[in-house]
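1. Here is a sequence together with a model predicted from it:
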Amino acid sequence: MNRVARTSLYGIGLLGCFTFGFSWQNIQHLEAPDAAAFKKLLGIHSDSQGLSSEQVFRQNYSRIIADYEKPLKATELKYAGMEGMVASLGDPHTLFLPPRAAKEFSDDTKANYAGVGARLGTDPLGAKVAVVFEDGPAYAGGLRAGDLITMVDGKSVGGQAIEQIVDRIKGPEDTKVLVTIIRAKMDKPMTLTLRRARIVLPTVESKLIPSTAIGYVTVTQFAEPTAAQFDRELTKLEQQGVKGLVIDLRGNPGGLLDIVTDMLGRFFNDKVVVTMKFRQGRGAQVQRTDSGGVHDPGYPIVILMNEDTASAAEIFAGCMQDYGRATLVGTHSYGKASVQNVFPLAEKASAKVTIAKYFLPHGSDIGRKVDEFSAFVSGGLQPDIQVELDLEAEALGDLKSDNQLRKAIDLVKEKLR
């Protein structure tokens, strides 16, 4: 596509943004707002010789469809206009999601999908199997961590992006996929037949730190199953006699406000979680924990965080800090102090739109501030104890090299003395 065509497309997106906040119902059906009302809003008094902004938009859209040098798909052009419209707002958290992206986002929020139950990593020859869920079809079919997937359904996946490989392995429930693997100490490749099923992703995992009574819990996101998984993992640890806890929220991008509120209810009865302030004139809303759901044995808790700890993860850590229930260790968090709502659109698309700004119980604004190069300047939660991750660290959660985790464990030990 040449530069002129691209410029026109961006122009369509910018024009579209005038209609977005004005008429959400029309946008849901990917239609322009009412012309008369739109002109009244903007103070436009066009005569029969003039064109309103709505008419200019439609005229440009129709002209591109009719006269561009090669045929265009109207749906793709329409989606490009929507994407440009929300991009013009300058808010990285307000997004237009075409149908496929909308489905992926929904699956991610639910933490379930139709697949085989494995996490994959990149490899020049295909995809390296990082984790296999023990209750999933991949494990039942013989796939193991460390295997290298080189072919899917008889076709090579070498050199492909990991997203492409994952898309080829995923599919409808109760269908089969063939994966060819290379395994250490095997003389030749092996092909496994895996049956796809509905997979519920583990968003919470736990273990007991060796030679201690300290539990280590990682929470990777706040999705629909997370609260129940959190309860299950805490119960397992408590059955092993745990007397202190490290909760790792590093790299946690957040998730659902209702879920983090539910989880905080394990520690606090009827306490403020966040105060959400809406557009000027629309007031505020306070989110609180329920009463009667507390299950808190009172052991010391340390929470690990870093700059990739965001959104609901910041709310969890911030509330635990504000109410004096946990010590925060690591580096500052991301600073995403806004709330988004997902609005369904026509054709199974959706829009994720910032609707409010939130404040933690003590009223602090943790909103991220950046410079003209998008580099972090200020904001985010500040840890009680600042610990930069050692550049030599091999992986988060590795007891030998993860100095932040070692510091958290030492703090819990001190509190237990």
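-> It's in. Every value quoted in this text rests on a predicted model; they were computed, and no experiment measured them.
2. which regions of the stretch 151-300 of the chain lie under the pLDDT threshold?
-> 281 (pLDDT under 70).
3. how about the helices in it?
-> 162-169, 226-239, 257-264 (DSSP state H, counting those that start in this stretch).
4. Export these as CSV, with columns for mean neighbour count and distance to residue 101.
-> Every C-beta, even on glycine, is put in place using the N, C-alpha and C of the backbone. CSV is the format used below for those (neighbours: other C-beta atoms under 10 Å; distance: least, C-beta to C-beta, whole Å):
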stretch, mean neighbour count, distance to residue 101
helix 162-169, 16, 12
helix 226-239, 17, 22
helix 257-264, 21, 21
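5. Now do the same contact list for the nearest residue to residue 102 once chain neighbours are set aside.
-> In space, and not counting its chain neighbours, residue 102 is closest to residue 350: 4.1 Å by C-beta to C-beta, 6 or more residues apart in numbering. Contacts for residue 350 (C-beta atoms under 8 Å, 6 or more residues apart in numbering) come out as 97, 102, 105, 106, 342, 343, 344.
6. With residue 353 instead?
-> 86, 94, 340, 341, 342, 343.
7. just residue 121 next, same as before
-> 127, 128, 129, 130, 162.
8. Check the spacing between the residue nearest to residue 360 when sequence neighbours are not counted and residue 98 real quick.
-> Using C-beta to C-beta, 6+ apart and skipping the chain neighbours, the partner closest in space to residue 360 is residue 318 (4.3 Å). Distance from residue 318 to residue 98, counting by C-beta to C-beta, to the nearest Å: 33 Å.
9. So which of those two has more stuff around it?
-> For residue 318 versus residue 98, the count of surrounding residues by other C-beta atoms under 10 Å is larger for residue 318: 26 against 19.
10. helices and strands around the helix or strand that contains the more buried one, which ones?
-> Residue 318 belongs to helix 312-322 when assigned by DSSP states H and E. Helix 312-322 sits against helix 257-264, strand 272-278, strand 301-305, strand 327-330, with contacts defined as 3 or more C-beta pairs under 8 Å, 6 or more residues apart in numbering; DSSP states H and E.
11. State the pLDDT value of residue 22.
-> We note a pLDDT of 43 for residue 22 in this prediction.
12. what does residue 48 give?
-> pLDDT at residue 48 comes out at 42.
13. ok, the residue nearest to residue 360 - contacts?
-> Taking C-beta under 8 Å, 6+ apart, one finds 360, 361, 364, 366, 381 in contact with residue 318.
14. Of the residues you listed, which is the nearest to residue 60?
-> residue 366 (41.1 Å; C-beta to C-beta).
15. Cross-check the contact I'm expecting between that closest one and residue 322.
-> No. Taking C-beta atoms under 8 Å as the definition, residue 366 is not a contact partner of residue 322, at 11.1 Å.
16. overlap in contacts of those two?
-> residue 360.
17. picking that back up, do you know how far the residue nearest to residue 360 is from residue 354?
-> 19 Å.
18. just residue 347 next, same as before
-> Taking C-beta to C-beta, one finds residue 347 at 23 Å from residue 354.
19. between those two, which one's more packed in?
-> residue 354 (17 against 13).
20. Dig out what the more buried one forms beta bridges with.
-> On the basis of DSSP bridges, residue 354 is bridged to residue 340.
21. Quick check: residue 80 is in a helix.
-> Yes. Under DSSP: H, G, I helix; E, B strand; the rest coil, residue 80 falls within a helix.
22. pLDDT score assigned to it?
-> pLDDT, residue 80: 89.
23. what about it, neighbour count?
-> 19.
24. From residue 382, how far off is it?
-> Counting by C-beta to C-beta, the gap from residue 80 to residue 382 is 40 Å.
25. what residues are up against residue 406?
-> residue 399.
26. any idea which element it lies in?
-> Going by DSSP H and E, residue 406 is in helix 403-416.
27. How many residues are close by the closest residue in space to residue 240 that isn't next to it in sequence?
-> For residue 240, ignoring the flanking residues on the chain, the nearest one in space by C-beta to C-beta, 6+ apart is residue 208 at 5.3 Å. Residue 208: 15 surrounding residues under other C-beta under 10 Å.
28. Enumerate every residue touching residue 208.
-> 214, 215, 216, 237, 240, 242.
29. Let's see the PyMOL selection covering just the buried ones among those residues.
-> This is how PyMOL selects the buried members of these, with burial counted by 16 or more other C-beta atoms under 10 Å:
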select buried, resi 214+215+216+237+242
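30. Out of the contacts of residue 208, which comes closest to residue 399?
-> residue 216 (9.0 Å).
31. where's the closest one relative to residue 400, distance?
-> Residue 216 is 14 Å from residue 400, by C-beta to C-beta.
32. Same question for residue 83.
-> For residue 83, the distance to residue 400 - C-beta to C-beta - is 45 Å.
33. same deal with residue 301?
-> 23 Å.
34. and the residue nearest to the spatial centre of the chain, what does it touch?
-> Centroid check for the chain by C-alpha atoms, centre = their mean gives residue 253 as the closest residue, at 5.1 Å. By C-beta under 8 Å, 6+ apart, the contact set of residue 253 is 221, 308, 310, 311, 313.
35. Without its sequence neighbours, what residue ends up closest to residue 295?
-> residue 266 (5.1 Å).
36. pretty sure residue 196 contacts residue 168?
-> No. The criterion here is C-beta under 8 Å, and residue 196 misses it with residue 168 at 11.6 Å.
37. what touches both of those two?
-> residue 177.
38. how about the helix holding residue 406: buried residues?
-> 404, 405, 407, 408, 409, 411, 412.
39. Can you tell me which of those residues is nearest residue 111?
-> residue 405 (24.3 Å).
40. distance of residue 318 from residue 383?
-> In terms of C-beta to C-beta, residue 318 sits 11 Å off from residue 383.
41. now the stretch 301-417 of the chain, which segments are flagged as low pLDDT?
-> Short version for the stretch 301-417 of the chain, where the test is pLDDT under 70: none.
42. no, scratch that, I was asking about the stretch 1-150 of the chain
-> Applying pLDDT under 70 to the stretch 1-150 of the chain flags the ranges 1-49.
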